[in-house]
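A.B. asks: Coordinates only, no sequence provided:
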């Protein structure tokens, strides 16, 4: 069985987010486990059938997950930490406890999956970890598909990437020390899949699209020499999507594996012709973009595939990566402007593109449309503004001048307390937004409903005792899409949902042309909230890098150019907020680390333009206006110098779920810092003692007068009962540590 045409993975939430709704009903107790598992089986069957009927020669399997594929791997190999098993829960509830936490059992750390907006759960390993085949999910799902008459290619997270993504707090030990133990269990699993009739298994090693040490490469060589030498196994396809495999490519080519997938979209310059050992392999040419929504130039893709023919024993056609990162179906979108729509392809359309390119390759003929889609909209006014920019537009007054001016204006205590922005999104708020969109609620009624919620949130924060307030963002369905609706050159979808983590889904906007702001986006809401309190209320904006990272961005110009356009639109909004009397403006950049290129050689230019975009957005703010930024759920130690270079007056950053692991990187940070003390991605409420412990660690590194006390992230996914209890504990803990720090 050859691979032929395939995709490396497929969305799993369902075309209408069926999995999200089923999981959340289960969590709330409104559905039992049998109902949840029935929905899962239906979604899996629909996916396999759809991909087979679309004409793929090889259908991926085991791409389904109730929450996260890395957590699935840890569960499969018996690596769920003991604290979750000690809860005495069912297997499924133990799995969800590891993802979400329970009282007495904090959740696994969560961070970004390479340079994407997907989040994975970080396995915790130690010297005593004893891997075993604790489940049979890949085998069971292979049998499920076989019962439908479909032979799938089970997809597994590769053993080396699994270990590289794991963490340990034991000195002198690294997870890679467990490689041989893990390989023994992989060998057992491969044999079980072979016994069921699986002809191929896919092993994903995306960690090797980034720079790796000689020890990492040696581990990769050892792993695939050993797995390839196993006597009873399926054929092995190893992938390394999200970039160029670089020195890992000859390592894999020299191993006994039968096939290697190349991401020829992210890394069109992959030097496959210089690796003679590929002539004995199947090369899976990833020429259809798995991470963006633009229609494939099929003729150019076919030409790229043709360049691989002389380097490989056999060539297959595929997506560049899993399609987890794109929406399901363009045909479901009925309101996109035709000129934009004609340039797009979602997951189902990308499958059709793969099949068409594969057929053309076999037939030896050209493929693709004879005409190009319409060119992106060009706005000469935007381009003239950019041409007139000078370095001074990206520079504020020195921090030594700003800090006293802000203290005189704001009069905040040491260890000032605040939240990150959003408050819980209730069903009533969602219904109000839907009513406005569908015409069942007029503008006046909608405005009254939003003002009512803002007043309630301000009153709650006053009662809790927070020092800096927020308006709660009831009008925002998403921190990026909300802004997209005010920007020319950006389109929104109705059903373009993409999984971010667990049951959390987003609809990334589509940046299709030159970007500019049509009108003020947030000023009315922030001004109304500030009118209700004498305490400062933060204006809340999403930064230019995050808007790019969490959108599908035009690919006809450099990202830096689009970032500059977005930054100018935000600069106008900052100016209007200042004019309205807002003294604190938060410009969130949680995706700063996310877009960092995987190879070190490409990183300096990214840091230069990403930092420059933020500073352009905020550079017009006066000295007495306090600029905040927020970052969450990434390995920020890798970009701490870039974070510092943003020159924000206050930086709030995720730290609770990682138990303040970021602190060592903050010792030289010379401005305000708020390492989070409340993990909002878990339903558990931290008690006062827990928060005091975290703050005590933080105040040993960051002076109390510059230390802020805040949650890890926005509160929109939580319930009010959880939020109110947690924030009251936060305020009490801040008061206790403040008193200790000041000697009172």
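C.D. replies: Thanks, I have the structure now. This is a predicted model, so every value here is computed, not measured.
A.B. asks: okay, CA-based contacts and neighbour counts for the rest of this
C.D. replies: Noted.
A.B. asks: tell me the contacts of the residue nearest the centre of the chain?
C.D. replies: Geometric centre of the chain, nearest residue: residue 117, 1.9 Å, by C-alpha atoms, centre = their mean. Counting by C-alpha atoms under 8 Å, 6 or more residues apart in numbering, residue 117 touches 500, 549, 550, 591, 594.
A.B. asks: possible to save these as CSV with neighbour count and pLDDT?
C.D. replies: Listed next are the contacts of residue 117 as CSV, based on neighbours: other C-alpha atoms under 10 Å; pLDDT from 0 to 100:
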residue, neighbour count, pLDDT
500, 21, 94
549, 23, 94
550, 22, 94
591, 25, 90
594, 25, 86
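A.B. asks: closest to residue 262 among those?
C.D. replies: Closest approach to residue 262 among those (C-alpha to C-alpha): residue 594, at 21.6 Å.
A.B. asks: Any figure for the gap between the closest one and residue 636?
C.D. replies: 9 Å (C-alpha to C-alpha, to the nearest Å).
A.B. asks: With residue 188 instead?
C.D. replies: 37 Å.
A.B. asks: Quick check: phi and psi at residue 708.
C.D. replies: phi -110, psi 160 (degrees, to the nearest 10).
A.B. asks: just the one 4 residues further on next, same as before
C.D. replies: Note on residue 712: backbone dihedrals following degrees, to the nearest 10 are phi -70, psi -30.
A.B. asks: go on, residue 23?
C.D. replies: Dihedral angles (degrees, to the nearest 10) for residue 23: phi -60, psi -40.
A.B. asks: picking up where we left off before, in helices, which of the contacts of residue 117 fall?
C.D. replies: Judged by DSSP state H, the subset of those located in helices is residue 549.
A.B. asks: circling back to that earlier point, with neighbour numbers in mind, choose between residue 188 and residue 636.
C.D. replies: residue 636 (20 against 17; other C-alpha atoms under 10 Å).
A.B. asks: quick one: contacts for that one?
C.D. replies: Going by C-alpha under 8 Å, 6+ apart, residue 636 touches 593, 662.
A.B. asks: Before we move on, what's the pLDDT of it?
C.D. replies: For residue 636, the pLDDT comes out at 71.
A.B. asks: distance of it from residue 544?
C.D. replies: In terms of C-alpha to C-alpha, residue 636 sits 18 Å off from residue 544.
A.B. asks: repeat for residue 192
C.D. replies: For residue 192, the distance to residue 544 - C-alpha to C-alpha - is 48 Å.
A.B. asks: Which one of these two is surrounded by more residues?
C.D. replies: residue 544 (30 against 18).
A.B. asks: Quick check: the more buried one touching residue 613?
C.D. replies: Yes. Residue 544 is within contact range of residue 613, at 6.5 Å (criterion: C-alpha atoms under 8 Å).
A.B. asks: Give me the domain ranges for the protein.
C.D. replies: According to automatic domain parsing, the chain comprises the domains 46-62+132-363, 402-741.
A.B. asks: Adding distance to residue 85, write the ones you listed out as JSON lines.
C.D. replies: As requested, those are exported to JSON lines (distance: least, C-alpha to C-alpha, whole Å):
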{"stretch": "domain 46-62+132-363", "distance to residue 85": "13"}
{"stretch": "domain 402-741", "distance to residue 85": "17"}
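A.B. asks: among the ones you listed, which is nearest residue 28?
C.D. replies: Nearest of the domains of the chain (C-alpha to C-alpha): domain 402-741, 11.3 Å.
A.B. asks: How far does the closest one sit from its chain's centre?
C.D. replies: 16 Å (C-alpha atoms, centre = their mean, to the nearest Å).
A.B. asks: and what of stretch 284-297?
C.D. replies: The answer for stretch 284-297 is 19 Å, by C-alpha atoms, centre = their mean.
A.B. asks: mind checking the end-to-end distance for it?
C.D. replies: 18 Å.
A.B. asks: Make 25 the first number, not 1, from now on.
C.D. replies: Got it, the first residue is 25 from now on, which makes the last one we talked about stretch 308-321.
A.B. asks: got the contact list for it?
C.D. replies: Outside stretch 308-321, the residues that reach it (C-alpha under 8 Å, 6+ apart) are 283-289, 325, 328-329, 332, 339-350, 367-370, 374, 377-378, 392-393, 576-578.
A.B. asks: now those: which count as buried?
C.D. replies: The neighbour count (16 or more other C-alpha atoms under 10 Å) marks 283-289, 325, 328-329, 332, 339-350, 367-370, 374, 377-378, 392, 576-578 as buried among these.
A.B. asks: Could you list the buried residues of stretch 46-61?
C.D. replies: Buried-residue list, stretch 46-61, by 16+ other C-alpha under 10 Å: 46, 47, 48, 50, 60.
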